[in-house]
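Engineer: got a predicted model here, sequence first, then my questions.
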Amino acid sequence: MNIHLIMKPKHTFSRYQTFVIAIIAILQFTVILDFIILAPLGAQMMRVLNLSPSHFGWVVSAYAFSAGISGILAAGFADRFDRKKMLLFFYAGFILGTFLCGIAPGYTFLVAARVITGMFGGVLFSINMAIIADLFPLEIRGRVMGFVQTAFAAAQVLGIPLGLLLASDWGWHMPFRMIVAVCIPLFLIILRWMRPVNDHLGQRAAQRPIAHLLRTASQKRYIRAFVTTAFLSTGGFLMMPYSSDFLVHNVGVGEDLLPIVFVVAGAAGIITGPLIGKWSDRVGKFRVFIDGSILGTVMVFILSRLPFTPLWEVLVVNTLMYTAVFSRIIPSQALISAVPDSQDRGAFMSINASIQQLGGGIASSIGGFIIAEDTQGRLVHYDTLGLITICAYMICGILMWRVNRYILGKTVQPASSYTT
């Protein structure tokens, strides 16, 4: 039986809506932390497991590629089940994979564990996006995305420092065990108190999974959004994997001070994320996206050319860069979530998430071919990555304009939600 969520006056969130937002944000926190914790643990893992940089690269990429592939495979099934059941199934697999990382005795076992974690964890974001699009109308979806995106900032501010502390005292396995300890109670809360999300099930006759996947992937209006996502992720991942090395070797930030740079930016993100989401609902999501892209273009140009710089200036530049990133991600996710029809939403989000993962991996690889080191260990051609990123921003802006134009011309049905 379908239940409908009635919005309160002035678009205030009901208690159940607030519960759903909190659950999704915390779940995203655990998934994001599992992914980004590898970078600061890298030095210890390479020393303890006697890994070369290329071997460690496979530990990182195993997650991304398995996540991208599993998202495509899951797309055909994504709209055939209650989204709550899908969420529980893939979260259980993610917990299993993270637990295996926490007990991995060696390199081969660890890579296999990362494949399992990515196989399930990579689909979770698309399920969450489908749930948000099902339960919240477009006019307030920016606010929801703003709150959910704070999970990334919180992972930097809370998760990474705590994970490093645990790793320094008990070894690199312990941060993964910490994540599992957070995941299990959250899984039980979702199981007990989250209501079914199944309004989409009766809207189309059942299709075979492959047919549903191919039909969704081949629609012109969906392809436009997929291409937009590809350029969105390309612009984000070209510079990011090399930012820490650049700050240390080119800008002069000491390795012991590097966590401060990311913690300050993350703390700013916790504050600005909800504000950006609220502002995008008020003045228009596409306008905020363009404003964020303009700010991002300026900050990429400055950041990619920074010389030796005092720490306080680095903090300002990096924080503004993160603000620009949030100003692009939050409204763009809200806009793209409005593209698919309800009966295609799960498949669309799965394909879109896979493109995001694969696009990011490809962009990182392209960056690796361009970037180089001089004899003093400094990165060269980082400014070239900055110029390519700016070009990706411009192309993405044009594509997002077309997505926005389509959404404005589309009759948006009121989203279903739950009563308090």
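Structural biologist: Great, that's in hand.

Engineer: all helices in the stretch 101-250 of the chain, in order from the N-terminus.
Structural biologist: 107-135, 138-154, 160-170, 173-193, 209-218, 220-237, 243-249 (DSSP state H, counting those that start in this stretch).

Engineer: so which of these comes closest to residue 47?
Structural biologist: In terms of C-beta to C-beta, the element of the helices of the stretch 101-250 of the chain nearest to residue 47 is helix 160-170, at 11.6 Å. All C-beta spots, glycine's among them, are computed from the backbone N, C-alpha and C.

Engineer: format the CA atom coordinates belonging to the closest one as PDB.
Structural biologist: Only the C-alpha atoms of helix 160-170 are listed here, as PDB (Å, rounded to 0.1, in the frame of the first residue of the first chain):
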ATOM      1  CA  ILE A 160      39.500  11.200   8.700                       C
ATOM      2  CA  PRO A 161      41.100  12.600  11.900                       C
ATOM      3  CA  LEU A 162      39.500   9.900  14.000                       C
ATOM      4  CA  GLY A 163      40.400   7.200  11.500                       C
ATOM      5  CA  LEU A 164      44.100   8.300  11.500                       C
ATOM      6  CA  LEU A 165      44.100   8.400  15.300                       C
ATOM      7  CA  LEU A 166      42.800   4.800  15.500                       C
ATOM      8  CA  ALA A 167      45.200   3.700  12.800                       C
ATOM      9  CA  SER A 168      48.200   5.200  14.700                       C
ATOM     10  CA  ASP A 169      47.200   3.400  17.900                       C
ATOM     11  CA  TRP A 170      45.800   0.100  16.600                       C
END
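
Engineer: so how far is that helix from its chain's centroid?
Structural biologist: 23 Å (C-alpha atoms, centre = their mean, to the nearest Å).

Engineer: before we move on, what about stretch 287-297?
Structural biologist: 19 Å.

Engineer: who touches it?
Structural biologist: Residues outside stretch 287-297 that contact it (C-beta atoms under 8 Å, 6 or more residues apart in numbering) are 142, 235, 276, 279-280, 320-321, 323-328, 330-332, 335, 390, 393-394, 396-397, 400.

Engineer: and residue 105, how far from residue 48?
Structural biologist: Distance of residue 105 to residue 48, computed by C-beta to C-beta, to the nearest Å: 11 Å.

Engineer: for residue 347, same thing?
Structural biologist: Taking C-beta to C-beta, one finds residue 347 at 41 Å from residue 48.

Engineer: higher neighbour count, these two?
Structural biologist: Ranked by neighbour count (other C-beta atoms under 10 Å), residue 347 and residue 48 place residue 347 first, with 29 against 12.

Engineer: so how far is residue 177 from that one?
Structural biologist: 34 Å.

Engineer: same check on residue 60?
Structural biologist: 20 Å.

Engineer: pLDDT score for the residue of the chain most remote from its centre?
Structural biologist: Most distant from the centre of the chain: residue 375, at 35.5 Å, with distances by C-alpha atoms, centre = their mean. Model confidence at residue 375, given as pLDDT, is 79.

Engineer: helix, strand or coil for it?
Structural biologist: coil (DSSP: H, G, I helix; E, B strand; the rest coil).

Engineer: any low-confidence regions in the chain?
Structural biologist: Low-confidence segments of the chain (pLDDT under 70): 1-11, 39-40, 42-43, 53-54, 57, 202-207, 241, 411-420.

Engineer: circling back to that earlier point, can you flag which of the contacts of stretch 287-297 belong to helices?
Structural biologist: Among the contacts of stretch 287-297, DSSP state H puts 142, 235, 276, 279-280, 320-321, 323-328, 330-332, 335, 390, 393-394, 396-397, 400 in helices.

Engineer: are any of the contacts of stretch 287-297 buried, and which?
Structural biologist: 142, 235, 276, 279-280, 320-321, 323-328, 330-332, 335, 390, 393, 396-397, 400 (16 or more other C-beta atoms under 10 Å).

Engineer: chain center to stretch 252-260: distance?
Structural biologist: For stretch 252-260, the distance to the chain centre is 25 Å (C-alpha atoms, centre = their mean).

Engineer: go on, stretch 146-161?
Structural biologist: 11 Å.

Engineer: buried stuff in it?
Structural biologist: Neighbour-count burial for stretch 146-161 [16+ other C-beta under 10 Å]: 146-160.

Engineer: which of these sits closest to residue 188?
Structural biologist: Nearest to residue 188 among the buried residues of stretch 146-161, with distances taken as C-beta to C-beta, is residue 151, at 19.5 Å.

Engineer: for residue 187, which non-adjacent residue is closest in space?
Structural biologist: Counting by C-beta to C-beta, 6 or more residues apart in numbering, residue 187 lies nearest to residue 91, which is 5.8 Å off, once chain neighbours are set aside.

Engineer: distance check, that neighbour against residue 125.
Structural biologist: Residue 91 is 12 Å from residue 125, by C-beta to C-beta.

Engineer: excluding covalently adjacent residues, which one is nearest to residue 386?
Structural biologist: Nearest to residue 386 is residue 304, by C-beta to C-beta, 6+ apart, at 2.8 Å.

Engineer: so who does that neighbour touch?
Structural biologist: 239, 382-383, 385-387, 389.

Engineer: show me the residues you listed that map onto helices.
Structural biologist: Counting by DSSP H, the part of the contacts of residue 304 found in helices is 382-383, 385-387, 389.

Engineer: closest one of those to residue 367?
Structural biologist: Among the ones in helices among the contacts of residue 304, and counting by C-beta to C-beta, the member closest to residue 367 is residue 385, at 5.6 Å.
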